[in-house]
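> next comes the sequence, and after it the predicted model I'd like to discuss.
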Amino acid sequence: MSVPLHPDHGVEDLCAAGTKLYERALREGHVGNADTRAAPCLIDLGLLHPSIEDPNRLNPVAPAVVLHRLLRTSEDLIAHERQREARLSDLFEPLMRIDGRRTGSEDFPTISVLSGLDHIRRAIDRAMASDFDELLAIQPHTSHTQLAPELLRAAVARDQDFLNRGGRIRTLYQHTLRHAPSVLARYEQLTGDVEARTLNEITDRLLIVNRTVALIPANADRTLALEIRHPVIVAFLATAFDRLWRLATPMHPKAVQQPVLNGITPRQRAIAELLIEGHTDAVIADRLGMNVRTARVHIAKLAATLGSDSRAQLGYRIAQSGILEQEGETE
(Lines give C-alpha, C1' and ligand atoms only; values in the text may rest on other atoms or scores of the structure.)
Protein backbone atom coordinates (compact mmCIF):
# COMPACT_ATOMS: atom_id res chain seq x y z
CA MET A 1 0.00 0.00 0.00
CA SER A 2 1.53 3.29 -1.14
CA VAL A 3 1.78 6.30 1.17
CA PRO A 4 0.08 9.49 -0.15
CA LEU A 5 2.44 12.27 -1.27
CA HIS A 6 3.03 14.61 1.66
CA PRO A 7 2.51 18.32 0.83
CA ASP A 8 5.35 20.79 1.37
CA HIS A 9 4.80 23.24 4.21
CA GLY A 10 6.64 25.23 6.84
CA VAL A 11 6.56 24.94 10.61
CA GLU A 12 3.96 27.70 10.86
CA ASP A 13 1.67 25.53 8.67
CA LEU A 14 2.37 22.22 10.42
CA CYS A 15 -0.03 19.56 9.14
CA ALA A 16 -2.52 17.78 11.40
CA ALA A 17 -0.66 14.46 11.17
CA GLY A 18 2.63 16.12 12.03
CA THR A 19 1.14 18.01 14.97
CA LYS A 20 -0.43 14.85 16.39
CA LEU A 21 2.77 12.82 16.03
CA TYR A 22 4.97 15.58 17.52
CA GLU A 23 2.64 15.84 20.54
CA ARG A 24 2.88 12.07 21.01
CA ALA A 25 6.68 12.17 20.79
CA LEU A 26 6.81 14.89 23.44
CA ARG A 27 4.56 12.89 25.78
CA GLU A 28 6.28 9.51 25.25
CA GLY A 29 9.82 10.76 24.68
CA HIS A 30 10.19 9.12 21.26
CA VAL A 31 8.43 7.60 18.23
CA GLY A 32 9.44 4.92 15.78
CA ASN A 33 10.81 5.53 12.31
CA ALA A 34 7.79 3.81 10.81
CA ASP A 35 5.48 6.31 12.55
CA THR A 36 6.80 9.18 10.43
CA ARG A 37 5.58 7.74 7.11
CA ALA A 38 2.40 9.85 7.40
CA ALA A 39 4.34 12.90 8.62
CA PRO A 40 7.89 12.99 7.16
CA CYS A 41 7.79 16.78 7.62
CA LEU A 42 8.81 16.39 11.29
CA ILE A 43 12.28 15.20 10.27
CA ASP A 44 12.63 17.74 7.45
CA LEU A 45 11.64 20.60 9.75
CA GLY A 46 13.98 19.49 12.53
CA LEU A 47 11.29 18.62 15.05
CA LEU A 48 12.49 15.00 15.34
CA HIS A 49 16.03 13.64 15.21
CA PRO A 50 17.43 10.06 15.30
CA SER A 51 18.15 8.57 18.69
CA ILE A 52 21.80 7.79 19.46
CA GLU A 53 20.85 4.76 21.53
CA ASP A 54 18.40 3.22 19.04
CA PRO A 55 18.55 4.09 15.31
CA ASN A 56 14.95 2.87 14.90
CA ARG A 57 13.66 5.58 17.21
CA LEU A 58 13.26 9.33 16.77
CA ASN A 59 13.47 11.74 19.69
CA PRO A 60 11.64 15.09 19.75
CA VAL A 61 13.50 18.39 19.87
CA ALA A 62 12.24 20.57 22.73
CA PRO A 63 9.66 23.12 21.51
CA ALA A 64 11.54 25.99 23.19
CA VAL A 65 14.70 25.08 21.26
CA VAL A 66 12.79 24.91 17.97
CA LEU A 67 11.04 28.21 18.62
CA HIS A 68 14.30 29.99 19.51
CA ARG A 69 15.96 28.65 16.36
CA LEU A 70 13.09 29.76 14.14
CA LEU A 71 12.84 33.22 15.70
CA ARG A 72 16.58 33.73 15.31
CA THR A 73 16.22 32.83 11.64
CA SER A 74 13.36 35.33 11.30
CA GLU A 75 15.47 38.04 12.95
CA ASP A 76 18.29 37.35 10.53
CA LEU A 77 15.86 37.66 7.62
CA ILE A 78 14.46 40.93 9.00
CA ALA A 79 17.97 42.34 9.45
CA HIS A 80 18.83 41.32 5.90
CA GLU A 81 15.70 43.02 4.55
CA ARG A 82 16.47 46.20 6.49
CA GLN A 83 19.97 46.26 5.03
CA ARG A 84 18.46 45.75 1.60
CA GLU A 85 16.01 48.64 2.19
CA ALA A 86 18.90 50.89 3.24
CA ARG A 87 20.89 50.00 0.11
CA LEU A 88 17.85 50.60 -2.12
CA SER A 89 17.18 53.97 -0.44
CA ASP A 90 20.81 55.03 -0.94
CA LEU A 91 20.58 54.01 -4.60
CA PHE A 92 17.23 55.58 -5.51
CA GLU A 93 17.18 58.74 -3.37
CA PRO A 94 19.51 60.74 -5.69
CA LEU A 95 17.71 59.31 -8.74
CA MET A 96 14.33 60.53 -7.44
CA ARG A 97 15.62 64.13 -7.50
CA ILE A 98 15.96 63.92 -11.27
CA ASP A 99 13.08 65.41 -13.26
CA GLY A 100 11.44 62.26 -14.64
CA ARG A 101 8.67 63.84 -16.68
CA ARG A 102 9.96 62.13 -19.83
CA THR A 103 9.89 58.66 -18.30
CA GLY A 104 6.98 56.25 -18.24
CA SER A 105 4.83 56.05 -15.12
CA GLU A 106 2.90 52.83 -15.65
CA ASP A 107 4.27 51.22 -12.49
CA PHE A 108 4.38 54.38 -10.34
CA PRO A 109 1.64 54.85 -7.71
CA THR A 110 -0.17 57.84 -9.19
CA ILE A 111 -2.32 58.36 -6.07
CA SER A 112 -0.84 57.82 -2.61
CA VAL A 113 -2.46 58.25 0.80
CA LEU A 114 -0.52 60.34 3.33
CA SER A 115 -1.45 59.73 6.97
CA GLY A 116 -0.72 62.23 9.75
CA LEU A 117 0.00 65.96 9.67
CA ASP A 118 3.77 65.45 9.99
CA HIS A 119 3.80 63.04 7.05
CA ILE A 120 1.76 65.50 4.97
CA ARG A 121 4.06 68.41 5.82
CA ARG A 122 7.12 66.34 4.94
CA ALA A 123 5.55 65.49 1.57
CA ILE A 124 4.94 69.21 0.92
CA ASP A 125 8.50 70.09 1.98
CA ARG A 126 9.88 67.30 -0.21
CA ALA A 127 7.92 68.46 -3.26
CA MET A 128 8.95 72.10 -2.82
CA ALA A 129 12.59 71.16 -2.22
CA SER A 130 12.83 69.62 -5.69
CA ASP A 131 13.84 71.55 -8.78
CA PHE A 132 10.32 72.82 -9.43
CA ASP A 133 9.44 76.41 -10.22
CA GLU A 134 5.72 76.92 -9.54
CA LEU A 135 3.40 76.47 -6.58
CA LEU A 136 -0.36 76.93 -6.91
CA ALA A 137 -2.32 76.89 -3.66
CA ILE A 138 -5.88 77.26 -2.43
CA GLN A 139 -6.02 78.04 1.29
CA PRO A 140 -9.43 78.01 2.98
CA HIS A 141 -10.03 80.03 6.11
CA THR A 142 -9.39 77.21 8.60
CA SER A 143 -5.95 76.31 7.28
CA HIS A 144 -4.41 79.39 8.86
CA THR A 145 -6.33 79.39 12.12
CA GLN A 146 -5.03 75.87 12.76
CA LEU A 147 -1.35 76.71 12.20
CA ALA A 148 0.69 77.19 15.36
CA PRO A 149 3.19 80.13 15.28
CA GLU A 150 6.20 77.83 14.95
CA LEU A 151 4.56 75.96 12.05
CA LEU A 152 3.68 79.25 10.36
CA ARG A 153 7.32 80.36 10.68
CA ALA A 154 8.47 77.07 9.17
CA ALA A 155 6.00 77.50 6.28
CA VAL A 156 7.24 81.04 5.61
CA ALA A 157 10.86 79.83 5.63
CA ARG A 158 9.99 77.01 3.21
CA ASP A 159 8.14 79.41 0.87
CA GLN A 160 10.99 81.94 0.94
CA ASP A 161 13.55 79.25 0.13
CA PHE A 162 11.35 78.21 -2.80
CA LEU A 163 11.17 81.84 -4.00
CA ASN A 164 14.92 82.31 -3.58
CA ARG A 165 15.48 79.42 -5.99
CA GLY A 166 13.47 81.24 -8.66
CA GLY A 167 10.07 79.75 -7.89
CA ARG A 168 6.74 81.52 -8.23
CA ILE A 169 3.80 81.19 -5.81
CA ARG A 170 0.13 81.87 -6.57
CA THR A 171 -2.35 81.52 -3.70
CA LEU A 172 -6.13 81.84 -3.54
CA TYR A 173 -7.86 82.82 -0.28
CA GLN A 174 -11.39 83.71 0.70
CA HIS A 175 -12.32 87.40 0.88
CA THR A 176 -12.65 87.06 4.65
CA LEU A 177 -8.86 86.66 4.87
CA ARG A 178 -7.96 89.85 3.00
CA HIS A 179 -7.24 91.61 6.30
CA ALA A 180 -6.36 88.60 8.47
CA PRO A 181 -3.22 89.41 10.52
CA SER A 182 -1.68 85.96 9.97
CA VAL A 183 -2.04 86.23 6.19
CA LEU A 184 -0.82 89.83 6.00
CA ALA A 185 2.16 89.02 8.22
CA ARG A 186 3.06 86.12 5.97
CA TYR A 187 3.24 88.28 2.86
CA GLU A 188 5.13 91.04 4.65
CA GLN A 189 7.93 88.50 5.19
CA LEU A 190 8.00 87.05 1.67
CA THR A 191 9.96 88.56 -1.19
CA GLY A 192 10.01 87.32 -4.75
CA ASP A 193 7.49 86.26 -7.39
CA VAL A 194 4.54 85.77 -5.04
CA GLU A 195 0.92 86.80 -5.63
CA ALA A 196 -2.36 86.28 -3.78
CA ARG A 197 -5.97 86.76 -4.80
CA THR A 198 -9.32 86.24 -3.08
CA LEU A 199 -12.79 84.92 -3.88
CA ASN A 200 -15.98 84.80 -1.88
CA GLU A 201 -16.02 81.00 -2.12
CA ILE A 202 -13.16 78.63 -2.81
CA THR A 203 -12.65 74.89 -2.79
CA ASP A 204 -11.04 72.88 -0.02
CA ARG A 205 -7.29 73.07 0.37
CA LEU A 206 -5.27 72.34 -2.78
CA LEU A 207 -1.54 72.41 -3.51
CA ILE A 208 -0.12 71.91 -7.00
CA VAL A 209 3.66 71.83 -7.47
CA ASN A 210 4.95 72.48 -10.98
CA ARG A 211 1.70 71.06 -12.38
CA THR A 212 3.05 67.55 -11.84
CA VAL A 213 2.00 66.70 -8.26
CA ALA A 214 -1.09 67.77 -6.32
CA LEU A 215 -2.11 67.34 -2.70
CA ILE A 216 -5.70 67.45 -1.46
CA PRO A 217 -7.34 66.58 1.90
CA ALA A 218 -8.75 63.05 2.23
CA ASN A 219 -10.84 63.53 5.39
CA ALA A 220 -12.63 66.27 7.31
CA ASP A 221 -9.91 67.00 9.89
CA ARG A 222 -7.15 66.90 7.25
CA THR A 223 -5.11 64.22 8.97
CA LEU A 224 -5.23 62.28 5.70
CA ALA A 225 -4.23 63.61 2.30
CA LEU A 226 -3.94 62.31 -1.24
CA GLU A 227 -0.72 62.88 -3.15
CA ILE A 228 -1.73 62.80 -6.82
CA ARG A 229 0.78 62.35 -9.63
CA HIS A 230 -1.57 61.20 -12.38
CA PRO A 231 -0.94 63.76 -15.16
CA VAL A 232 -4.58 63.89 -16.30
CA ILE A 233 -5.95 64.54 -12.81
CA VAL A 234 -3.24 67.08 -11.97
CA ALA A 235 -3.88 68.91 -15.27
CA PHE A 236 -7.60 69.03 -14.48
CA LEU A 237 -6.94 70.52 -11.02
CA ALA A 238 -4.47 73.05 -12.44
CA THR A 239 -7.00 74.16 -15.05
CA ALA A 240 -9.64 74.60 -12.34
CA PHE A 241 -7.18 76.71 -10.35
CA ASP A 242 -6.37 78.87 -13.40
CA ARG A 243 -10.05 79.62 -13.98
CA LEU A 244 -10.65 80.52 -10.34
CA TRP A 245 -7.52 82.70 -10.42
CA ARG A 246 -8.87 84.74 -13.35
CA LEU A 247 -12.13 85.34 -11.45
CA ALA A 248 -10.39 86.33 -8.21
CA THR A 249 -9.63 89.81 -6.86
CA PRO A 250 -5.94 90.75 -6.41
CA MET A 251 -4.78 91.00 -2.80
CA HIS A 252 -0.96 90.96 -2.99
CA PRO A 253 1.34 92.59 -3.99
CA LYS A 254 -1.22 95.26 -4.92
CA ALA A 255 -4.69 95.00 -3.48
CA VAL A 256 -7.75 95.86 -5.55
CA GLN A 257 -10.81 96.92 -3.57
CA GLN A 258 -14.21 95.73 -4.74
CA PRO A 259 -16.73 98.57 -5.13
CA VAL A 260 -19.56 99.31 -2.71
CA LEU A 261 -22.79 99.51 -4.75
CA ASN A 262 -25.77 101.41 -3.37
CA GLY A 263 -24.43 100.99 0.14
CA ILE A 264 -24.05 97.20 -0.23
CA THR A 265 -20.56 95.86 0.44
CA PRO A 266 -19.02 93.01 -1.60
CA ARG A 267 -19.37 90.68 1.38
CA GLN A 268 -23.03 91.55 1.78
CA ARG A 269 -23.59 90.87 -1.92
CA ALA A 270 -22.02 87.43 -1.50
CA ILE A 271 -24.33 86.77 1.43
CA ALA A 272 -27.31 88.04 -0.54
CA GLU A 273 -26.60 85.57 -3.34
CA LEU A 274 -26.56 82.65 -0.89
CA LEU A 275 -29.66 83.95 0.90
CA ILE A 276 -31.80 83.86 -2.21
CA GLU A 277 -30.60 80.28 -2.79
CA GLY A 278 -32.25 79.43 0.54
CA HIS A 279 -29.16 78.61 2.61
CA THR A 280 -29.13 78.79 6.40
CA ASP A 281 -26.89 81.15 8.37
CA ALA A 282 -24.56 78.27 9.26
CA VAL A 283 -24.13 77.21 5.63
CA ILE A 284 -23.54 80.79 4.53
CA ALA A 285 -20.89 81.27 7.22
CA ASP A 286 -19.13 78.05 6.28
CA ARG A 287 -19.06 78.76 2.56
CA LEU A 288 -17.77 82.31 3.04
CA GLY A 289 -15.22 81.43 5.70
CA MET A 290 -16.67 83.33 8.65
CA ASN A 291 -18.33 82.43 11.93
CA VAL A 292 -22.12 82.37 12.23
CA ARG A 293 -22.23 85.45 14.45
CA THR A 294 -20.37 87.54 11.87
CA ALA A 295 -22.63 86.24 9.11
CA ARG A 296 -25.72 87.27 11.08
CA VAL A 297 -24.31 90.76 11.66
CA HIS A 298 -23.86 91.18 7.90
CA ILE A 299 -27.35 89.82 7.24
CA ALA A 300 -28.81 92.31 9.70
CA LYS A 301 -26.94 95.21 8.05
CA LEU A 302 -28.07 94.03 4.62
CA ALA A 303 -31.67 93.87 5.82
CA ALA A 304 -31.43 97.38 7.31
CA THR A 305 -29.96 98.80 4.09
CA LEU A 306 -32.69 97.23 1.97
CA GLY A 307 -35.46 98.07 4.45
CA SER A 308 -36.44 94.47 5.19
CA ASP A 309 -38.24 93.43 8.38
CA SER A 310 -38.12 89.63 7.94
CA ARG A 311 -36.07 86.86 6.38
CA ALA A 312 -38.78 86.13 3.79
CA GLN A 313 -39.05 89.80 2.85
CA LEU A 314 -35.26 90.09 2.62
CA GLY A 315 -35.16 87.67 -0.29
CA TYR A 316 -37.77 89.72 -2.11
CA ARG A 317 -35.88 92.96 -1.39
CA ILE A 318 -32.65 91.50 -2.72
CA ALA A 319 -34.30 90.44 -5.96
CA GLN A 320 -36.06 93.80 -6.27
CA SER A 321 -32.90 95.84 -5.59
CA GLY A 322 -30.92 94.43 -8.52
CA ILE A 323 -27.67 94.37 -6.51
CA LEU A 324 -26.66 90.99 -7.87
CA GLU A 325 -27.14 92.14 -11.45
CA GLN A 326 -25.02 95.21 -10.70
CA GLU A 327 -22.26 92.97 -9.40
CA GLY A 328 -22.26 91.06 -12.69
CA GLU A 329 -21.98 94.32 -14.66
CA THR A 330 -18.86 95.40 -12.76
CA GLU A 331 -16.94 92.17 -13.34
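Cool, got the structure. Numbering: from 1, shown residues only.

> wait, residue 308 touches residue 314, no?
Yes: using CB atoms under 8 Å, residue 308 is in contact with residue 314, at 4.1 Å. Just so you know, the C-beta spots here come from the backbone N, C-alpha and C atoms, and that holds for glycine as well.

> am I right that residue 195 falls within a strand?
Yes: counting by DSSP: H, G, I helix; E, B strand; the rest coil, residue 195 falls inside a strand.

> common neighbours of residue 308 and residue 314, please.
Listed as contacting both residue 308 and residue 314 by CB atoms under 8 Å, 6 or more residues apart in numbering are residue 302.

> what are the boundaries of the helices in the stretch 51-200 of the chain?
Here the stretch 51-200 of the chain has its helices, by DSSP state H, counting those that start in this stretch, at 63-96, 117-129, 141-145, 149-164, 181-189.

> to residue 292, which of the ones you listed lies closest?
Go through those one by one with CB to CB and the one that ends up closest to residue 292 is helix 141-145, at 13.2 Å.

> the helices of the stretch 51-200 of the chain into TSV, with extra columns for distance to residue 171?
What follows is the helices of the stretch 51-200 of the chain, written out as TSV (distance: least, CB to CB, whole Å):
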stretch	distance to residue 171
helix 63-96	27
helix 117-129	13
helix 141-145	11
helix 149-164	9
helix 181-189	9
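
> quickly, which of those bottoms out on average pLDDT?
The stretch with the lowest average pLDDT out of those is helix 141-145, scoring a mean of 53.

> need the contact partners of stretch 272-281.
Taking contacts as CB under 8 Å, 6+ apart, the residues outside stretch 272-281 that touch it are 264, 283-284, 287-288, 292, 295-296, 299, 302, 314-315, 318-319, 323-324.

> in ChimeraX, select just the buried ones from the residues you listed.
One line in ChimeraX is enough to select the buried ones among these; burial here means 16 or more other CB atoms under 10 Å:
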select :264,284,287,288,295,299,302,314,315,318,323,324
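
> the contacts of stretch 272-281 in helices, which ones?
If you go by DSSP state H, those have 283-284, 287-288, 292, 295-296, 299, 302, 314-315, 318-319, 323-324 in helices.

> at the geometric centre of this protein, which residue do we find?
Centroid check for the chain by CA atoms, centre = their mean gives residue 225 as the closest residue, at 1.3 Å.

> just checking, what packs against the helix or strand encompassing that residue?
Per DSSP states H and E: residue 225 is located in strand 224-228. With contacts defined as 3 or more CB pairs under 8 Å, 6 or more residues apart in numbering; DSSP states H and E, strand 224-228 has these neighbours: strand 111-115, helix 117-129, strand 213-217.

> pLDDT at residue 190, what is it?
Model confidence at residue 190, given as pLDDT, is 87.

> do residue 258 as well
At residue 258 the predicted local distance difference test score is 69.

> now residue 42: how far from residue 71?
For residue 42, the distance to residue 71 under the criterion CB to CB, to the nearest Å works out to 19 Å.

> sorry, wrong one. I was asking about residue 291.
According to CB to CB, residue 291 stands 58 Å off from residue 71.

> again with residue 40
24 Å.

> the more surrounded of the two?
For residue 40 versus residue 71, neighbours defined as other CB atoms under 10 Å are more numerous around residue 40 (14 against 10).

> quick check: closest non-adjacent residue to the more buried one.
Distances taken as CB to CB, 6 or more residues apart in numbering put residue 6 closest to residue 40, at 5.5 Å, once the chain neighbours are dropped.

> quick one: residues contacting residue 113.
Residues in contact with residue 113 (CB under 8 Å, 6+ apart) are 218, 224, 225, 226, 227.

> repeat that for residue 166.
Going by CB under 8 Å, 6+ apart, residue 166 touches residue 133.

> confidence score at it?
Per-residue confidence for residue 166 comes out at a pLDDT of 85.

> before we move on, what about residue 108?
For residue 108, the pLDDT comes out at 53.

> what of the one 4 residues further on?
The predicted local confidence for residue 112 comes out at a pLDDT of 84.

> excluding chain neighbours, what is closest to it?
Across the structure, with CB to CB, 6+ apart as the measure, the residue nearest residue 112 apart from its sequence neighbours is residue 227 (4.5 Å).

> beta partners of that neighbour?
Following DSSP bridges, residue 227 is listed with bridge partners residue 112, residue 215.

> now residue 91: how far from residue 186?
Summarising the geometry, the distance separating residue 91 from residue 186, computed by CB to CB, is 39 Å.

> relative to residue 25, how far out is the nearest residue to residue 46 once chain neighbours are set aside?
Excluding the flanking residues, the one nearest residue 46 by CB to CB, 6+ apart is residue 61, at 6.3 Å. When distances are taken as CB to CB, residue 61 and residue 25 turn out to be 9 Å apart.
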